[in-house]
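> Mind folding the following:
(2 chains)
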Amino acid sequence: GENVEQHPSTLSVQEGDSAVIKCTYSDSASNYFPWYKQELGKGPQLIIDIRSNVGEKKDQRIAVTLNKTAKHFSLHITETQPEDSAVYFCAASPGYSTLTFGKGTMLLVSP
Amino acid sequence: SAVISQKPSRDICQRGTSLTIQCQVDSQVTMMFWYRQQPGQSLTLIATANQGSEATYESGFVIDKFPISRPNLTFSTLTVSNMSPEDSSIYLCSGSGLAGEGEQYFGPGTRLTVT
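Numbering: from 1, shown residues only, chains lettered A, B, ... in the order given. So this is what the prediction gives:
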């Protein structure tokens, strides 16, 4: 089955800096890669996703890149703000159905 | 995006008892899922809730322990049976298929503590 590795497990940045979280996956059949943000006491919130026919996608301060050859994808957050502090999860799916999640990255943005 | 609600939001239960968690989606979804998230950990898929038929369970999860119902396209329940302290966790439901593109949206979770 699919295996998703996520790094780093924790990431501390200063407000205004950029943050990058990286994931690798094992199943070449995976073609859908969402990212979730989970704040304390809440359910995961879908913040951006990318499909295998696209190499990069951007939504305001958030971007995701995908390298299918190397089987890795990354989340980029620019101009970080304290409200970006949360746990971020990457995931992979072979057919827009069951998701396999990475272990999560705790992002802390200091004012 | 879908709005997904869960009841209860949290509960404290005694070992040996059972708890049923309800999940309601505000619009019809193709697929519904149940996950478990232990404190500080990632999400683990328990099962896919199939409308009108038996759920599809992932390895390590069985119907006798986690019976699931899905009577229609917007509602599902998960029961945690014969609970032990090891079942203490957050249980999350999700739905996908609103736009036919597979985005999966999550409920707020049910925090279960078994004493």
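> Quick check: which ranges of the chain have low pLDDT?
Because you didn't say which chain, this covers chain A. A:96 (pLDDT under 70).
> Chain B is the one I meant
B:1, B:98-101.
> What parts of it come near chain A?
Neighbours of chain A within chain B, by Cβ under 8 Å from any Cβ of the partner chain: B:1, B:4, B:31, B:33, B:41-45, B:48, B:92, B:96, B:101-109. Backbone N, C-alpha and C define where each C-beta goes, glycine included.
> how about a cut-off of 7 Å?
B:31, B:42-43, B:45, B:48, B:92, B:101-109 (Cβ under 7 Å from any Cβ of the partner chain).
> Tell me the one of the residues you listed nearest B:T77?
Of all these, B:T77 sits closest to B:G107, with 12.4 Å by Cβ to Cβ.
> give me the residue from chain B nearest chain A.
B:G102 (2.6 Å; Cβ to the nearest Cβ).
> what about that residue, distance to A:S30?
Taken as Cβ to Cβ, to the nearest Å, the spacing of B:G102 relative to A:S30 amounts to 12 Å.
> How many residues are close by the residue of chain B closest to chain A?
Applying other Cβ atoms under 10 Å in any protein chain shown, we find 20 residues neighbouring B:G102.
> again, but for A:I50
A:I50: 20 neighbours (other Cβ under 10 Å).
> ditto for B:S89
B:S89 has 20 neighbouring residues, counting by other Cβ under 10 Å.
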